[in-house]
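>>> Need coordinates for the below:
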Amino acid sequence: VQLQASGGGLVQAGGSLRLSCAASGRTANDYSMGWFRQAPGNEREFVVAISWDGGRTNYADSVKGRLTISRDRAKNTVYLQMNSLKPEDTAVYYCAASRRLIATAVNEYNYWGQGTQVTVSS
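This is a model prediction of the structure:
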């Protein structure tokens with residue numbers, strides 16, 4: 001499975017962005033998907049995950065109510081709608097694929113995309 005993340009950019013606090021993660025590979029739709037982020041000097045942290053069928057989601061407390069994950073199985077794409085962005089959301093965002101039903105830990109993911117930079121100015 002190969003993952004290609006896109007959609008990052010520079011936005012003012014309170015603004016919105018939508019990240020996309022396009023998956024390729026014959027079995028891409030069989031994987032649960034997640035988004036992680038990593039700010040300079042910090043460890044990679046879990047943001048949100050969605051099950052293979054989209055029926056289950058899991059959000060980090062810091063993003064609940066502001067970020068929404070979804071997936072379009074016909075397009076093999078996962079989206080992260082980011083609203084009410086804060087400067088502390090600034091990071092490189094990575095999408096990842098897991099063989100687990102749903103996963104929140106870095107070591108539970110089998111494939112990673114290359115990351116897309118999100119910068120939120122105050």
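
>>> residues near Glu43, how many?
8 (other CB atoms under 10 Å). Backbone N, C-alpha and C define where each C-beta goes, glycine included.

>>> can you tell me which residues contact it?
By CB atoms under 8 Å, 6 or more residues apart in numbering, the contact set of Glu43 is empty.

>>> What helix or strand is it located in?
Remark: Glu43 resides in no helix or strand, with elements defined by DSSP states H and E.

>>> centroid residue for the chain?
Nearest residue to the geometric centre of the chain (CA atoms, centre = their mean): Trp35, 2.4 Å.

>>> How about that one, nearest residue that isn't a chain neighbour?
Leaving aside its sequence neighbours, Trp35 sits nearest to Val47 (CB to CB, 6 or more residues apart in numbering; 4.4 Å).

>>> now Ala96
Tyr109 (3.9 Å).

>>> can you check Tyr93 too?
That would be Arg37: by CB to CB, 6+ apart, it lies 4.9 Å from Tyr93.

>>> Is that neighbour bridged to anything, and to what?
Arg37 has these beta-bridge partners by DSSP bridges: Glu45, Tyr93.

>>> What segments of the protein are helices?
For the chain, no helices are identified by DSSP state H.

>>> so where's it shaky on pLDDT?
Scanning the chain for pLDDT under 70 picks out nothing.

>>> OK, contacts around the residue nearest to Trp35?
Gly34, Trp35, Phe36, Arg37, Tyr59, Ala60, Val63, Leu67, Leu80, Tyr93.
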